[in-house]
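[1] Got a predicted model here, sequence first, then my questions.
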4 protein chains.
Amino acid sequence: MSTTPPPGTIGVGLISVGWMGRLHSRAYNALPLIYPELGITPRLVQAADTAQAGRDYAENVLGYKSTTADYHEVLANPEVDVVSICAPNFLHAEVGIAAAKAGKPFWIEKPVGRSGTETAVVEAAAVEAGVATCIGFNYRHVPAVELAKKLILDGQLGRITNVRGRFFGGFSSNPEDPLAWRFVRSLSGSGVLGDLMGHLVDLMHYVLGPISAVTASTGTYLTERPALPGSATTGLAPVENEDYANMLIRFHDSAVAAGALGSLEASRIAVGASSDYGFEINGTEGSVRWNFARMNELHVALTRTGPFVGFTTVLANSAFPEFARFQPSSGTGMGYDDLKTIEAKKFLLAVTGGPAESSNIHDAVASANVLDAAEESATSGAWVSLPVVAGSTAAFAK
Amino acid sequence: MSTTPPPGTIGVGLISVGWMGRLHSRAYNALPLIYPELGITPRLVQAADTAQAGRDYAENVLGYKSTTADYHEVLANPEVDVVSICAPNFLHAEVGIAAAKAGKPFWIEKPVGRSGTETAVVEAAAVEAGVATCIGFNYRHVPAVELAKKLILDGQLGRITNVRGRFFGGFSSNPEDPLAWRFVRSLSGSGVLGDLMGHLVDLMHYVLGPISAVTASTGTYLTERPALPGSATTGLAPVENEDYANMLIRFHDSAVAAGALGSLEASRIAVGASSDYGFEINGTEGSVRWNFARMNELHVALTRTGPFVGFTTVLANSAFPEFARFQPSSGTGMGYDDLKTIEAKKFLLAVTGGPAESSNIHDAVASANVLDAAEESATSGAWVSLPVVAGSTAAFAK
Amino acid sequence: MSTTPPPGTIGVGLISVGWMGRLHSRAYNALPLIYPELGITPRLVQAADTAQAGRDYAENVLGYKSTTADYHEVLANPEVDVVSICAPNFLHAEVGIAAAKAGKPFWIEKPVGRSGTETAVVEAAAVEAGVATCIGFNYRHVPAVELAKKLILDGQLGRITNVRGRFFGGFSSNPEDPLAWRFVRSLSGSGVLGDLMGHLVDLMHYVLGPISAVTASTGTYLTERPALPGSATTGLAPVENEDYANMLIRFHDSAVAAGALGSLEASRIAVGASSDYGFEINGTEGSVRWNFARMNELHVALTRTGPFVGFTTVLANSAFPEFARFQPSSGTGMGYDDLKTIEAKKFLLAVTGGPAESSNIHDAVASANVLDAAEESATSGAWVSLPVVAGSTAAFAK
Amino acid sequence: MSTTPPPGTIGVGLISVGWMGRLHSRAYNALPLIYPELGITPRLVQAADTAQAGRDYAENVLGYKSTTADYHEVLANPEVDVVSICAPNFLHAEVGIAAAKAGKPFWIEKPVGRSGTETAVVEAAAVEAGVATCIGFNYRHVPAVELAKKLILDGQLGRITNVRGRFFGGFSSNPEDPLAWRFVRSLSGSGVLGDLMGHLVDLMHYVLGPISAVTASTGTYLTERPALPGSATTGLAPVENEDYANMLIRFHDSAVAAGALGSLEASRIAVGASSDYGFEINGTEGSVRWNFARMNELHVALTRTGPFVGFTTVLANSAFPEFARFQPSSGTGMGYDDLKTIEAKKFLLAVTGGPAESSNIHDAVASANVLDAAEESATSGAWVSLPVVAGSTAAFAK
Ligand SMILES: NC(=O)C1=CN([C@@H]2O[C@H](COP(=O)(O)OP(=O)(O)OC[C@H]3O[C@@H](n4cnc5c(N)ncnc54)[C@H](O)[C@@H]3O)[C@@H](O)[C@H]2O)C=CC1
Ligand SMILES: NC(=O)C1=CN([C@@H]2O[C@H](COP(=O)(O)OP(=O)(O)OC[C@H]3O[C@@H](n4cnc5c(N)ncnc54)[C@H](O)[C@@H]3O)[C@@H](O)[C@H]2O)C=CC1
Ligand SMILES: NC(=O)C1=CN([C@@H]2O[C@H](COP(=O)(O)OP(=O)(O)OC[C@H]3O[C@@H](n4cnc5c(N)ncnc54)[C@H](O)[C@@H]3O)[C@@H](O)[C@H]2O)C=CC1
Ligand SMILES: NC(=O)C1=CN([C@@H]2O[C@H](COP(=O)(O)OP(=O)(O)OC[C@H]3O[C@@H](n4cnc5c(N)ncnc54)[C@H](O)[C@@H]3O)[C@@H](O)[C@H]2O)C=CC1
């Protein structure tokens, strides 16, 4: 952290002012309203974006004191104590490493790297610099997810037997949508694996513990798309990464869910799906189900016998972790943006030496390794084993 | 408005720093981030609360420049251009009238009065003062509700035939909860009528047009509750207003839904319900259903024949009014607080002479009149007719 | 009953071989398979239908020993012990009276009469003849409905506070469907009241007890339909009865649900609805919800506090009355036809002096009276009171 | 078929009078009522069961002319034209082979064999004898499933990209339930694979085409159960087969769904699940979802763009294959038993040389092979390839 910030005030630098950059900024602003007792007051210092519109928005709307086209300036700015890295995927690693080298704790959007290897380089840099990190794995913070995690840790579901996870979006289901960076391997790395499956894998790590092995298959179904206007090619250009992926998983013996099996799937071309991101976890004593499209609900079955076996649709209430921070009563829903406020809190707690609630760069590596393993397995047809990543916040058995 | 605010800046006064007062304040803060092009920058000037804790929160957390125990000071403050009235129900009318007299446009929480008569006095004061008003009828702003309204206005449901509305909460279902102000007629006026039914009536006015007559019944089922600690009585004290109300309704000939029938119900003691606030509207060509507990969904049926008759579960997307302001893509949910940001925008547009999107004091009268009529009908057993309230923003036929 | 049937064998006469006539016949056949211990074996003796196709079907498919165009022959047939009356509505009363006069116990489809008055004439005839009766109120027999009734009787929902019932169909939503008997007052009596609301009223009587008063409104929205081919008129002809009805209800002090309020609605033109027939009942300790479109489910909320408030989706299982007769395990669904098998059992138990499980002609009067009261109220605007109908099987308080 | 049955009459022999035996019998009885135009009249000739109670039921309730403890008598009975084999799993193969040798077409419950090998022996016997066969794969006949199949064959979902299937039951979730045959390898073969996954695999074959390869994992979680009363052991005895299985699948190039990927899972210990048997299929143009617990519904998404993307909940109606045979209108539900009536029809059509609608012994082999492959893969960790089984009714591309 830079030398003399006013007490409790933390200078924020932002790299890239897109959807995520704006949301990080709003989250910093919301933090002192939601968590006033922490005494943390983020101050928006400097934002970088190559686009003028982004810089204008940062200055005029978000209220950054200054802006720049060159993100290195942000990293060099002594008033900047922490950095949010919200650039396009292909810049994450580069910026993350630079941030570490500049000694700035960073909150970085997923996927950190286009591969486990690339992610590991960022990890090494962060470890060497000793900076706190936080990854944009925002689904962790949903109160219903946190409650599910708690029920599992407390043993209320008994021994975990299996899990079904899926992240299905339809955002790429239109074959007439052009060949954006998302579909190009050099820019994006994998397709739906990095884009959606990485979130799901992290959720599994967070709630159930480290995955020890996967066997996977992947497919590309909309194989060509119109080249982007202004690109070298005209006409149709090939989609270079997968639209769909599925995999079987196992967990490490150290995991809360040791011995459990499961399947994880992701699609970006699922017609009819809008953020159909969810999981179902079964244990010997109970089951839970959650879906992001109905984020404020947890479906719970805790009875095996008797007349009333079935799932109860429970709306988030004050028994759900963090919920009462945002809404006073059950049924009054939180929104997606609130998750980033929680994420900002966890990040700045990590930065200021508070309780370790935040995801970190090791979690990014852990997730990326699983995705790499999935790609390898999709080619080889074999199960691919995965070590436990030291430092990750996966749910370990007590 | 007070004389010389910096261009585009609007000085905000707040009366009462409870849940709603805090939410209004956050909404003012969010407004320039969500609607930057309006050039409106609210500035939190002064807040009043009789409780020290409220004043401390206003100053230290919300960032009001000053606070006071006496709301009159806020109204007299020349830096205050607009006022948010978030006091307990029994103060609304008094404060609203005082605000009008002070020439301050006000955004006031529901119910404005404990009766139509009381509400009409506030209306008269506001009209005389010529101040803009906005009522906390926040369900209007839900994108799915706005889309339902639009579909109806555009004729996509054909002629509206009937509606079922219900606002069911379980927040008073525990008979061991003490006799708070909510249950005392002098403080609260009616029970669930003013608390929940008023919202529902306003929604119906907003989406379907003015109600012309009602016949109603009401019931109190948890008839006694523990007296509040510190109150004169000990032991059990009687609940003075209704736990449940239902009514049949008709619409004015001028209403978009002229000729439609329907029923509206509200309960505060419904076991299992958490903000089960919703409606279903049928027309000769289509139907819609909405529920606040799944605020980001609209259920739509637009087909009468063929193999695929049924309701489609549609997640809010960029075709839903205002949605794209908050989230870029379908399935990423807005939260309740966002509704207040929209409400703040509508209010400040009204204050600054922009497009008339806001609810107003006439809407409060229109809703309160229906509640009075319901109470009268519950006693008399007869239908009670209602005039159209001039100036209301009900949905009139073109 | 006729003089000497072989022991345990009951001779069945059928009047009208439409959907219902065929279903009654199949139900008689199924009875000894489902309830073998009763020792009752229905034998299909004679069927009447004015249409040749109906008679052919009865003889060739259903296996009736003989058929006739004149239903009086069936009533006169000494081998016929009991009669199923499945004729069009306008014949019910006439045939019911004739059956009573012939001394034949009868199972008659709803609505028994086109009015309460007409129904009462049938009642008088049945009482005078001392014949057992059963009405086609088949929703009573749904295991989930029976369980709801049981939970209420056992006090598991506490004091009943309110109910919302609705029977919404879309079967008449197409304005191009011709003016069938359903839409003609002399043939059908009321519209959706007799067609659907009568079922709902009976359900309420069965589960909650006798309704003591109603206030109602009704509407016709598709006011004209193409005249039937072959009818006097050509072009469009007026629809003579209501498409939609709603009403507020109260219960008698003797009812299980004494003091409860509620609303009941019915529509035959609801776009998107397919047998959307259901109810929701709230009590001070719990709530239940049921819908025919998901007949094998009961939604139950029995918890007022704690983290897991909400409705549990329970699939019919062996704790649901009668379910185990049909299916061995939860989730394996019964169908609509099974309800008629239960109805046949209840009817023949009544005929043979077994336990009184069956609905009866007094229930038909009780339901018809409520419909008449609704029509009267829809004109007068006043609440209309209703006496308790002696002999009905409504749910009385213990 | 035996020599001289009366024209149109088919003599039925039944082996084992448990749940399935009774249901087969009722289905034979229902057939001429539902499909009268076929002119097929099953006659219940002889039933075999080792238990006296089963024989009594067959004779007294079901109406078989005679019974026996020795199933060979049924096979030898010249009046028996066709045989239903509803014995416990471990007898299926033995009885099936004997039936074939006796020249009797047979309708046999799943799983035919405890392995693919055992099933293939039955197949060989049936082929050699030239007898028609039908397998108890009853989920095929659900009208919503048939419509899904039709939509896919007609190309309305575009190219099929992926499928998620699951058959989750909770029937073995109680660890205190004793060690029935189901848990013993010599009696049952595999666990949930044979019990539930076999159904699911067949459904996939039927709707999407032949599976070409699988990689799987399996787990046993309730590893010990109380020994059956009267068994050699006392106390706890080990469960010998899997509680849970999941697998990734691929399809043959000849399949309608060639190129699609997917996952299939089955559990018998899922707390909260009651016949949670369903699938979700995505294609480039649309998606469908179905679940047995809501058998009469199909969820359909056929729109990729525009404001109304999402799943429509469609209740079975006359556009759904076979539905109109059972119910005249949408929303009036069929039950599980009706599926067996359809199955009986398909079987007897096959027996009498009618259209080839029935599943057959090759389908049983195809399904069993996949289960064997899953077991092999669960051990080896590798994908296991599967040939197309000649004669199966899998959904091949045109
Ligand atoms: N946590 C989550 O669930 C989500 C994460 N994301 C991640 O956030 C990242 C950003 O995504 P969005 O905000 O949706 O993208 P966006 O397209 O809205 O914004 C990207 C911004 O980066 C700027 N930019 C491009 N090159 C730059 C450079 N060299 N230096 C500085 N700025 C540059 C662009 O001008 C643009 O303003 C992505 O990596 C994405 O995967 C996005 C959405 C959801
Ligand atoms: N639009 C909506 O959906 C909602 C509207 N409301 C309405 O908002 C109003 C406030 O409700 P909440 O914020 O939930 O209540 P609350 O109980 O959280 O806050 C009330 C505040 O008023 C203060 N207060 C009491 N007497 C005062 C006085 N004389 N002068 C100044 N402050 C005083 C109290 O100290 C307290 O801080 C109510 O009228 C309620 O009906 C509340 C919740 C939802
Ligand atoms: N319980 C329930 O939920 C239901 C009850 N119903 C009731 O069942 C009754 C029959 O309805 P459906 O079977 O659907 O009608 P349908 O139209 O299928 O059959 C009516 C039959 O009556 C015959 N018929 C007409 N005049 C006759 C006469 N003079 N003598 C003998 N037969 C005559 C017709 O030829 C026809 O076969 C109606 O009153 C209807 O309200 C119908 C459906 C559901
Ligand atoms: N298609 C489907 O979805 C279903 C298929 N099944 C299958 O049906 C078969 C039978 O199951 P259930 O009817 O539920 O069993 P169950 O336990 O109800 O009946 C089995 C019957 O077989 C009799 N039996 C035993 N040994 C015999 C022998 N040597 N000879 C003649 N009879 C003998 C028993 O006495 C008993 O009556 C099983 O293979 C099962 O997997 C069962 C349920 C559903």
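    Cool, the structure landed. Ligands and ions are numbered 1, 2, ... in the order given.

[2] can I see the domain layout of chain A?
    With domains defined by automatic domain parsing, chain A comprises A:9-138, A:142-334+A:360-385.

[3] all strands of the stretch 1-150 of chain A, in order?
    Using DSSP state E, counting those that start in this stretch, the strands of the stretch 1-150 of chain A run over A:9-15, A:41-48, A:66-68, A:82-85, A:106-108, A:133-135.

[4] Sheet partners, orientation included, of the last one?
    Put plainly, it is strand A:133-135. Partners of strand A:133-135 in the sheet, by DSSP bridges, are strand A:106-108 (parallel).

[5] Contacts only, for A:Met334.
    Neighbouring residues of A:Met334 by C-beta atoms under 8 Å, 6 or more residues apart in numbering or on different chains: A:Pro143, A:Met295, A:Asn296, A:Ala316, A:Phe323, A:Phe326, A:Gln327, B:Gly335, B:Tyr336. For glycine as for every other residue, the C-beta is placed from the backbone atoms N, C-alpha and C.

[6] what ranges of the stretch 1-150 of chain A fall below the confidence cut-off?
    Applying pLDDT under 70 to the stretch 1-150 of chain A flags residues A:1-7.

[7] Now with 90, please.
    Applying pLDDT under 90 to the stretch 1-150 of chain A picks out residues A:1-8.

[8] Which residue comes closest to the closest residue to chain D within it once chain neighbours are left out?
    Residue nearest to chain D within the stretch 1-150 of chain A: A:Ala148 (13.7 Å; C-beta to the nearest C-beta). Excluding the flanking residues, the one nearest A:Ala148 by C-beta to C-beta, 6 or more residues apart in numbering or on different chains is A:Val288, at 4.7 Å.

[9] From C:Pro307, how far off is that neighbour?
    Distance, A:Val288 to C:Pro307, by C-beta to C-beta, to the nearest Å: 12 Å.

[10] Specify the beta-bridge partners of A:Gly219.
    In this entry, A:Gly219 is beta-bridged to A:Tyr244, by DSSP bridges.

[11] Return the residues in contact with A:Tyr57.
    A:Val17, A:Arg22, B:Pro36.

[12] dump the residue contacts of the residue of the stretch 1-150 of chain A closest to chain D.
    A:Val207, A:Ile281, A:Val288, A:Trp290, A:Leu298 are the contacts of A:Ala148 under C-beta under 8 Å, 6+ apart.

[13] Looking at the stretch 151-300 of chain A, what residue ends up closest to chain C?
    Across the stretch 151-300 of chain A, no residue is closer to chain C than A:Val300, which sits at 6.0 Å (C-beta to the nearest C-beta).

[14] Would you tell me what helix or strand the residue of chain A found nearest ligand 2 is located in?
    Using C-beta to the nearest ligand atom, the closest approach of chain A to ligand 2 is made by A:Pro328 at 7.4 Å. If you go by DSSP states H and E, A:Pro328 is not part of any helix or strand.

[15] where does the residue lying closest to it once chain neighbours are set aside sit relative to D:Phe347, distance-wise?
    Once flanking residues are discounted, A:Pro328 sits nearest to B:Trp19: 5.5 Å by C-beta to C-beta, 6+ apart. As judged by C-beta to C-beta, B:Trp19 and D:Phe347 stand 66 Å apart.

[16] go on, A:Cys134?
    From A:Cys134 over to D:Phe347 the distance is 62 Å, taken as C-beta to C-beta.

[17] okay, these two: which has more neighbours?
    D:Phe347 (31 against 26; other C-beta atoms under 10 Å in any protein chain shown).

[18] Surely that one and D:Ile135 touch.
    No. In this structure, D:Phe347 is not within contact of D:Ile135 by C-beta atoms under 8 Å, at 9.3 Å.

[19] And the domains of chain A: which comes nearest ligand 4?
    Closest to ligand 4 of the domains of chain A is domain A:142-334+A:360-385 (C-beta to the nearest ligand atom; 19.3 Å).

[20] Quick check: next helix or strand after the strand or helix carrying A:Asn162?
    A:Asn162 is part of strand A:160-168 when elements are defined by DSSP H and E. Going down the chain from strand A:160-168, the next helix or strand is helix A:185-188, by DSSP H and E.
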